[in-house]
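Trainee: Attaching a predicted model along with its sequence, questions to come.
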Amino acid sequence: MPQKKRLIVALALLAIIAAGVSFRAEFDRDVLLTTFANWGPWAAVAFIASYALGAVAFLPGLAFTIAGGALFGPWAGTLYSLIGASAGAAIAFLAARYLLNDWVAAHTGKRLASLQAGIDEEGWRFVALVRLVPLFPFNLLNYALGLTRLKFSVYCVTSFITMAPGALAYAWVGHAGRTALTGDGALIRSALIALALLAAVAFLPRLIKKIVKTPP
């Protein structure tokens with residue numbers, strides 16, 4: 001890409017990030033529900049694109065995932081959230097690697113060295129660890145990993161798989177909440193499934209840490 005175009009794209013990305021950070025305090029799932037409720041057949045496409053853009057702009061992914069479950073149901077909501085989150089994570093990774101190197105390095109600081117050490121030692125397993133165990137903020141992690149020597153394909157596949165449990169759990173939370181509002185008779189079942197999945201996701205970090213600490 002010519003230098004001038006690289007500069008324009010980099011400035012556009014920084015503008016998106018600045019807008020997202022400024023809007024973050026007012027952003028929640030109700031905003032998303034209101035926005036996509038009347039989009040009809042285009043709602044899924046708009047939701048996925050917005051989730052991807054939100055991941056780039058440091059907007060909270062949790063709000064998107066819960067809204068996805070409320071809007072599309074637990075299974076479709078999980079799938080759409082995973083696609084959107086994965087696309088946004090991929091864009092952030094590539095942006096850090098090819099356009100925003102200095103900006104990302106300045107915002108990750110000393111954490112970058114520990115990320116690279118983990119990648120060198122464990123490879124994809126380290127990516128799985130930091131996805132499942134919240135050692136780093138999700139949005140910043142997407143950018144920070146772009147500065148490591150991690151392969152893009154490994155990053156994308158591992159991220160998609162390891163983000164799935166959390167996406168499923170919180171999509172069920174959104175679905176249970178929508179069921180409660182509509183007075184659906186399946187409320188108790190939906191709530192119990194959501195609670196069970198949340199408990200499983202909460203237990204995952206402890207399990208992963210135990211596996212990592214166990215000598216081979």
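Mentor: Right, received. Where do you want to start?
Trainee: what stretches of this protein score poorly on pLDDT?
Mentor: The model of the chain has pLDDT under 70 over residues 1, 134-135, 178-216.
Trainee: What are the boundaries of the helices in it?
Mentor: Counting by DSSP state H, the chain has helices at residues 3-23, 29-36, 43-56, 61-72, 74-98, 101-108, 111-122, 124-132, 138-144, 152-182, 187-213.
Trainee: Can you tell me which of the ones you listed is most buried?
Mentor: helix 61-72 (a mean of 26; mean count of other C-beta atoms under 10 Å). Just so you know, the C-beta spots here come from the backbone N, C-alpha and C atoms, and that holds for glycine as well.
Trainee: Show residues contacting that helix.
Mentor: Applying C-beta atoms under 8 Å, 6 or more residues apart in numbering, the contact partners of helix 61-72 are 27-29, 31-33, 36-37, 43-44, 47, 50-51, 54-55, 76-78, 80-81, 84-85, 138-139, 166-167, 170-178.
Trainee: Look up the closest residue to Ala144, ignoring the ones flanking it.
Mentor: Distances taken as C-beta to C-beta, 6 or more residues apart in numbering place Thr108 nearest to Ala144, at 4.5 Å, with adjacent residues excluded.
Trainee: Oops, could you answer that again for Arg149 instead?
Mentor: Distance criterion C-beta to C-beta, 6+ apart; nearest residue to Arg149, sequence neighbours excluded, is Ile119 at 6.4 Å.
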